[in-house]
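1. coords please:
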Amino acid sequence: MGKSNLELICECDNFPYYTDNRVAYTQNLQNYHEFRVNGYDAILGYILNSVVQKFPWSSEYWVVDSATKTVTLATPADATPGHRSKLVGDSILEAVKLGAFEVLKGWRNEKYPVYGPGGEFLLDMERCASPLFGIVSYGAHMTGYVDDADGLKLWVPRRAKNKQTYPSMLDNTVAGGMCTDEKPFECIVREAMEEASLPEDIVRASIVPVGCVTYSHIRDARAGGETGLSQPEVEYVYDLKLDASVIPRPGDNEVEEFKLWTVQEVKDALARGEFKPNCAVVMIDFFIRRGILTAENEPDYLDILSRLHRRLEYPTASHC
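-> So this is what the prediction gives:
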């Protein structure tokens, strides 16, 4: 028997909920230190204890408190985002020099933002380092589909076998992380051209924003590098109806191939656990919005709906 849709949701949104099991939630938090910035009363992420022990924290601008299980960037309260970013970046580069963490071998030269209360931009950091700090990351995912006389079919890519994260697993048609100052729409347009070779004019004219999904994930071995890292995410979701003559093709080294699958073929692949965890979530969201999964045919319908939109316990930002 394959995985149920709720099991796939729970596999991605697997950071315990306090309301579900207070004991499990409390026990899980013992594995982490809170990431904080001086002057802001907010948890910005959870850093795994083993990362805290190995990371080269400078006593000049980091305060590590084992009693309160906090790691605080101790810059002045009026420090600029640029100043904070430089200090965090210097620390990450030192960790790279020491070869302290596997995830840092996937250096991307892309910056992810960190927001404080009210969506204030506090700093940014190298993308591959973001799971070490457990910060909220933002991305955009798009489902490309054909809906004609032959029925509804979806374009499904298989990730390259040499990718550092989730190699050879199935993905959404287009997906990518949002860098500092990037808007969701521009992110998905860029990714559509880079990953799927889709013409910019077609994407801009026809893509439809349909919401977002949120979850809090604890990384396993499939993600590459250290396991147990906390990775809360906001994924903006888009749909793109394509003419059958428009065929996505790999545009970089991240995708091996695209296949046009029926709904049943996608369902079967989901049940086999072939999709990258967050991509399975986006696909299930698509099925709900298209009326493929309903209250009449999905026994876990209400649980799935609520789990697609987790209320994150960290500050987040609007991208308007």
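2. When you work out contacts or count neighbours from here on, use the C-alpha atoms and nothing else.
-> OK.
3. Doesn't I9 belong to a helix?
-> Yes: with DSSP: H, G, I helix; E, B strand; the rest coil as the criterion, I9 is located in a helix.
4. who's in contact with the residue nearest to it when sequence neighbours are not counted?
-> Spatial nearest neighbour of I9, chain neighbours left out: V281 (5.8 Å); criterion: C-alpha to C-alpha, 6 or more residues apart in numbering. Contacts for V281 (C-alpha atoms under 8 Å, 6 or more residues apart in numbering) come out as 8-9, 12, 213, 308.
5. Name the helix or strand for V281, please.
-> helix 277-289 (DSSP states H and E).
6. so what does the very next helix or strand once past that helix touch, helix or strand wise?
-> As assigned by DSSP H and E, the chain's next helix or strand after helix 277-289 is helix 301-307. Here helix 301-307 touches helix 5-12, going by 3 or more C-alpha pairs under 8 Å, 6 or more residues apart in numbering; DSSP states H and E.
7. related to what we said a few turns ago, may I see the buried residues of the helix holding V281?
-> Neighbour-count burial for helix 277-289 flags 277-286, 288 (criterion: 16 or more other C-alpha atoms under 10 Å).
8. Ok, stretch 296-308 next?
-> Going by 16+ other C-alpha under 10 Å, stretch 296-308 has these buried residues: 301, 304, 307-308.
9. could you redo those as CSV and give each row distance to E186?
-> Below are the buried residues of stretch 296-308 laid out as CSV (distance: C-alpha to C-alpha, whole Å):
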residue, distance to E186
Y301, 32
I304, 29
R307, 27
L308, 23
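10. and which of those is nearest D148?
-> For these, the residue nearest D148 by C-alpha to C-alpha is Y301; the value is 27.7 Å.
11. thought the closest one was touching F287?
-> No: the pair Y301 and F287 does not pass the contact test of C-alpha atoms under 8 Å, sitting 11.5 Å apart.
12. which residues do the two both contact?
-> Shared contacts of Y301 and F287 (C-alpha under 8 Å, 6+ apart): L293.
13. can you give me the strands in the chain?
-> For the chain, the strands defined by DSSP state E cover 32-37, 45-48, 62-65, 70-73, 111-115, 121-126, 137-148, 151-159, 174-177, 208-218, 230-241, 255-262.
14. low-scoring stretches of this protein, by residue?
-> Along the chain, segments meeting pLDDT under 70 are nowhere present.
15. Nearest the geometric middle of it, what residue?
-> Per C-alpha atoms, centre = their mean, the C-alpha nearest to the average position across the chain is that of E233, at 4.4 Å.
16. Tell me which residues touch that one, please.
-> 136-139, 214-217.
17. For A140, see how far away K183 is.
-> Using C-alpha to C-alpha, to the nearest Å, one gets 9 Å for the distance from K183 to A140.
18. who has more neighbours, the two?
-> A140 (25 against 16; other C-alpha atoms under 10 Å).
19. Which residue is the nearest non-sequential neighbour of that one?
-> Leaving aside its chain neighbours, A140 sits nearest to Y236 (4.6 Å; criterion: C-alpha to C-alpha, 6+ apart).
20. which ones are touching L122?
-> Going by C-alpha under 8 Å, 6+ apart, L122 touches 80-81, 84, 113-116.
21. Between those residues, which sits nearest V63?
-> Using C-alpha to C-alpha, the contacts of L122 come closest to V63 at R84, 14.1 Å.
22. From L123, how far out is the closest one?
-> 6 Å.
23. you'd agree I92 is up against R127?
-> No: counting by C-alpha under 8 Å, I92 does not reach R127; the two are 10.8 Å apart.
24. The residue lying closest to K54 once chain neighbours are set aside - how many residues pack around it?
-> Among residues not flanking K54 along the chain, A100 sits closest, at 6.7 Å (C-alpha to C-alpha, 6+ apart). As a burial measure, A100 scores 16 neighbours (other C-alpha under 10 Å).
25. try A295
-> What A295 shows, counting by other C-alpha under 10 Å, is a neighbour count of 11.
26. Pretty sure it sits against I304.
-> No: counting by C-alpha under 8 Å, A295 stays clear of I304, with 10.5 Å between them.
27. and for those two, which residues touch both?
-> Common contacts of A295 and I304, defined by C-alpha under 8 Å, 6+ apart, are absent altogether.
28. hmm, back to that, most packed of the strands of the chain?
-> Most buried of these by mean neighbour count (mean count of other C-alpha atoms under 10 Å) is strand 45-48; its value is a mean of 26.
29. Please name the bridge partners of the residue nearest to the centre of the chain.
-> Here E233 shows beta-bridge partners S137, Y215, assigned using DSSP bridges.
30. And K241, by the same measure?
-> As for beta bridges, K241 partners with Y145 under DSSP bridges.
31. wait, doesn't it sit right on M142?
-> No: contact criterion C-alpha under 8 Å: K241 and M142 do not qualify, at 10.3 Å.
32. got any residues that touch both of those two?
-> Shared contacts of K241 and M142, defined by C-alpha under 8 Å, 6+ apart, are absent.
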